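> Got a sequence here, can you model it:
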Amino acid sequence: MTTRVAVVGYASVDHAMATEEFRGARGTTLIRERLSDPWPDIGGIAYAARGLAEAGLDVSAVTWVGADALGQEYTERLASAGVNTAGVVAAGERTPSCYLFYGPEGDTVVVYDPGDRMPTGLTEVQREVLAGCDWVCLLVGPRSATIDVLRMLRPEQRLAWGVKGDPDAYTAALVHRLLFRLSVLTFSARERVFLERMLTPRTLRDRTPAEALLVETNGAAGIRFWHGAHRGALSVTPIDAVDTTGAGDVLFAATVASMIEQPEDGERAVRHGVDAATGLLRGRLPATLRIRTE
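All right, here's what the predicted structure looks like:
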């Protein structure tokens, strides 16, 4: 039987752009190029949901969009990727949108519009979707919904968490509860600082189950991971892509899909995650640069 997976978190319609020098309040910053393709692209949980569906899993989205044209398009594009959209709630007049400005020095400014209807928790339909799943993949979303997910998880259901260092979404108490329950955790070096600030004086390994897979990304410096008694590191191929939107979520999805298939082999799962993220970034390079990195 195909494993059933729910992906929970914010929806977003992404507008990624390359800019000239950031001038902030001192003047007007010029857009050099639109990077999202198609324009705008669907983001938020979409990268993880599509990645898991491409791996052959039975995937359901649990998220929130506006009752507008962008919300309809977001839902239709998820469905066309093979994702069940019964758990997508459409309410309010404005779908959440994200504006990502990539500057010439590698710095990034992100502006997020959460829409005009903040969810207060899971709906009954979303609860039914979650109740029917074997795995729950949790990305950043409304704190009330995250709390609801934890409350209704059954012991046999597995939890994977792709961390986002968002203090509005996670309190220290909620972080402790998530870590205690999870099977897979992915985070960046910067998000590790966020987690450890919440855990002090405890450590990340103290608070996570011994059998859980923990994956830390460090950009071009590579990956570190811990899985039971095994720990390791992997190098990565540096990809000079300007737009890195969704790379972490793609890595997360491929890692989880591999752990569902072969839960005893954490290193294999990490390699699958790295390959998926590398493929995404390589696909965003100009054709001439793409050939050089292959």
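> from the middle of its chain, how far away would the longest helix seen in the chain be?
The helix that spans the most residues within the chain, counting by DSSP state H, is helix 266-282. What separates the centre of helix 266-282 from the centre of its chain is 14 Å, taken as Cα atoms, centre = their mean, to the nearest Å.
> name the helices or strands packed onto that helix?
If you count contacts as 3 or more Cβ pairs under 8 Å, 6 or more residues apart in numbering; DSSP states H and E, helix 266-282 packs onto strand 213-217, strand 223-227, strand 230-234, helix 247-261. Glycine gets a C-beta too; all of them are placed from N, C-alpha and C.
> Who does the third one pair with, and is each partner parallel or antiparallel?
If I follow you right, that is strand 230-234. Applying DSSP bridges to the sheet, strand 230-234 is found paired with strand 223-227 (antiparallel).
> And the partner strand, how far out from the chain middle?
Averaging C-alpha positions (Cα atoms, centre = their mean) puts strand 223-227 18 Å from its chain's average.
> tell me the angle that strand makes with strand 213-217.
170 degrees (axes from the mean of the first three to the mean of the last three Cα atoms, to 10 degrees).
> What mean pLDDT does strand 223-227 get?
Per-residue pLDDT values across strand 223-227 average out to 97.
> Can you give the contact residues for that strand?
Contacts to strand 223-227, defined as Cβ atoms under 8 Å, 6 or more residues apart in numbering, come from residues 205, 211-218, 231-234, 236, 266-267, 270, 273-274.
> Swap in 7 Å and give it another go.
Contact partners of strand 223-227, identified using Cβ atoms under 7 Å, 6 or more residues apart in numbering, comprise 205, 213-218, 231-234, 236, 266, 270, 274.
> follow-up on the earlier one: which parts of the longest helix of the chain are buried?
Within helix 266-282, the residues that count as buried by 16 or more other Cβ atoms under 10 Å are 266, 269-278, 280-282.
> Touching that helix from outside, list them.
Where contact means Cβ under 7 Å, 6+ apart, the residues beyond helix 266-282 that reach it are 51, 213, 215, 223, 225, 227, 230, 232, 234, 236-237, 239, 241, 244, 246-247, 250-252, 254-255, 258-259, 262, 290, 293.
> Just give the closest residue to the spatially most central residue of the chain, not the sequence neighbours.
By Cα atoms, centre = their mean, the mean C-alpha position of the chain lies nearest to D249, the distance being 3.5 Å. Taking Cβ to Cβ, 6 or more residues apart in numbering, and ignoring the residues beside it in sequence, D249 has Y47 as its nearest neighbour in space, at 3.7 Å.
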